[in-house]
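A.B. asks: What follows is a protein structure lacking sequence information:
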């Protein structure tokens, strides 16, 4: 009994020290990782979907954000005027989540551009949502009040219907709520 | 001091984990698509190995025998998580390539193997040199396989173009079969050399014996 207690205490002690150490270390590295991800998101994603914007800033809006969107950013021009919105949306593809960056031009009230950030779709079929310019360019300049339905106002990619729908729906279902959230309804 | 030097050399060549002992075979096959990822993976494993060997050796009298394996695993997992977080924060590009294989260092049998077979019995200083030797042996093995695969699969070395434009990359070297082919051929060559040396040694020993016999019988 005494022996068993000793074993429990020893192992518990090792685990506790390890846990405490890791906790402290995590606290040290996490801000670096987050800052970098944020930076990457802006430079690789938002700059491409909203090229007119000079800088981006997080928006503190009102109400609920649509599912899959965690943060909305406003694109500012050189004089600091809000000219567009950019955010990350998530669609349900064939092989899992499809993450896309969406840019909205507030001047023309249309989608400025979209970009697939990450996906796990079938290589060669669904993966074309990332590269097929004919598909992606349909969203450029598309009015925010459109239906965003594949087969109706958006042409899907042959052999990649599920993936095309995932992208289209992810954009279509988030555009209006994001506008409302940012007070641009 | 001699022992320490021998520990390092032993890990680098005589008991190279990848080419001689053939243990911890997952990273050499999975992450050696380029020389750089092989090198970083090797260094990450080396860092974990040295740290965990040192700590385990230092704690060997405090850890009761019955719970030594879970205790080792907790210690190893701690260092792996630290390395994982560090890579994620400092070298995000490399981290993307290595991905899941960094956390998997926890179950790399080289590390638990050295803890159980060496660090838990030896003084701290020798556990460190053993970790350095085995770790660097693993590192050069991974880098070497990575070099071969990158050179033939893409015509580059550490990202720099080495072979001319007329070189057609061997796609297969970048894919999993390429790892098995490379690994198999390297082990084949090393074993052949070993066999040749052993035969040579045998022959010399035999002729020596003959000579001694001749002398003993007074010719």
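C.D. replies: Right, received. Where do you want to start? Note that the structure is a prediction, hence the values are computed from the model and not measured.
A.B. asks: show me what contacts the residue nearest the centre of chain B?
C.D. replies: By Cα atoms, centre = their mean, chain B has its centre lying nearest to residue B:138, at 1.8 Å. With contact set as Cβ atoms under 8 Å, 6 or more residues apart in numbering or on different chains, residue B:138 has these partners: B:16, B:17, B:18, B:24, B:42, B:45, B:46, B:49, B:110. The C-beta positions use only the backbone N, C-alpha and C, and glycine is treated the same way.
A.B. asks: ok, now residue A:122?
C.D. replies: Counting by Cβ under 8 Å, 6+ apart, residue A:122 makes contact with A:94, A:95.
A.B. asks: related to what we said a few turns ago, a markdown table please, covering the contacts of residue B:138 and showing distance to residue B:126, pLDDT and secondary structure.
C.D. replies: A markdown table is the format used below for the contacts of residue B:138 (distance: Cβ to Cβ, whole Å; pLDDT from 0 to 100; DSSP: H, G, I helix; E, B strand; the rest coil):
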| residue | distance to residue B:126 | pLDDT | secondary structure |
| --- | --- | --- | --- |
| B:16 | 18 | 89 | coil |
| B:17 | 17 | 88 | coil |
| B:18 | 22 | 88 | coil |
| B:24 | 21 | 87 | coil |
| B:42 | 22 | 93 | helix |
| B:45 | 20 | 94 | helix |
| B:46 | 17 | 95 | helix |
| B:49 | 14 | 94 | helix |
| B:110 | 17 | 92 | helix |
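A.B. asks: of those residues, buried ones?
C.D. replies: Burial by neighbour count, judged by 16 or more other Cβ atoms under 10 Å in any protein chain shown, picks out B:16, B:17, B:18, B:24, B:42, B:45, B:46, B:49, B:110 from these.
A.B. asks: Would you mind putting these into CSV with distance to chain A alongside?
C.D. replies: Listed next are the buried ones among the contacts of residue B:138 as CSV, based on distance: Cβ to the nearest Cβ, whole Å:
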residue, distance to chain A
B:16, 30
B:17, 25
B:18, 29
B:24, 23
B:42, 22
B:45, 19
B:46, 19
B:49, 17
B:110, 21
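A.B. asks: still on that earlier bit, I'd like the contacts of residue B:138 as a markdown table, with distance to residue B:100 appended.
C.D. replies: Formatted as a markdown table, those follow (distance: Cβ to Cβ, whole Å):
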| residue | distance to residue B:100 |
| --- | --- |
| B:16 | 25 |
| B:17 | 21 |
| B:18 | 20 |
| B:24 | 16 |
| B:42 | 17 |
| B:45 | 14 |
| B:46 | 19 |
| B:49 | 19 |
| B:110 | 18 |
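A.B. asks: Show me which of these is closest to residue B:84.
C.D. replies: Of all those, residue B:84 sits closest to residue B:45, with 11.9 Å by Cβ to Cβ.
A.B. asks: Tell me where chain A has strands.
C.D. replies: A:55-58, A:72-76, A:82-92, A:97-105, A:110-118, A:142-143 (DSSP state E).
A.B. asks: Mind checking the ones you listed for the one nearest to chain B?
C.D. replies: Nearest to chain B, of all the strands of chain A, is strand A:110-118, at 10.7 Å by Cβ to the nearest Cβ.
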